[in-house]
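this one's sequence-less:
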């Protein structure tokens, strides 16, 4: 995949959004788990933690 800074690749999970700014990473986020793990191999990424209050969760 060729990088495109104007149209970033975003992976959305229940808890976080990960904006991929590099090309190699691993991401683990299962719906029944309370944690999200990401490992950056090369490049860069931005992790945005979602606010539970704004997601409609009680």
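The structure has been received and is ready for your questions. Note that the structure is predicted; figures quoted are calculated from it, not measured.

and residue 41, how far is that from residue 24?
Per C-beta to C-beta, to the nearest Å, residue 41 is found 4 Å from residue 24. Using the backbone N, CA and C atoms, a C-beta is placed for each residue, glycine as well.

give me every residue that touches the residue nearest the centre of the chain.
Central residue of the chain (C-alpha atoms, centre = their mean): residue 18, 2.0 Å from the mean position. Neighbour list for residue 18: 10, 11, 12, 25, 27, 38, 45, 46, 47, 48 [criterion: C-beta atoms under 8 Å, 6 or more residues apart in numbering].

Quick one: buried ones out of these?
Among those, the ones that count as buried by 16 or more other C-beta atoms under 10 Å are 11, 25, 27, 38, 45.

Which parts of this structure are helices?
Using DSSP state H, no helices are assigned anywhere in the chain.

Show me where it has its strands.
9-12, 16-20, 24-28, 37-42, 45-49 (DSSP state E).

Mean pLDDT added to those strands, as TSV?
Shown next, in TSV, are the strands of the chain (pLDDT from 0 to 100):
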stretch	mean pLDDT
strand 9-12	84
strand 16-20	83
strand 24-28	83
strand 37-42	85
strand 45-49	82
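
what are the phi and psi values for the closest residue in space to residue 13 that isn't next to it in sequence?
Nearest in space to residue 13, with sequence neighbours left out and distances taken as C-beta to C-beta, 6 or more residues apart in numbering, is residue 29 at 3.8 Å. With angles defined as degrees, to the nearest 10, residue 29 sits at phi -150, psi 100.

Residue 29 - how many residues pack around it?
Residues lying near residue 29 (other C-beta atoms under 10 Å) number 16.

same check, this time on residue 41
By the criterion of other C-beta under 10 Å, residue 41 has 9 neighbours.

Fine, thanks again, bye for now.
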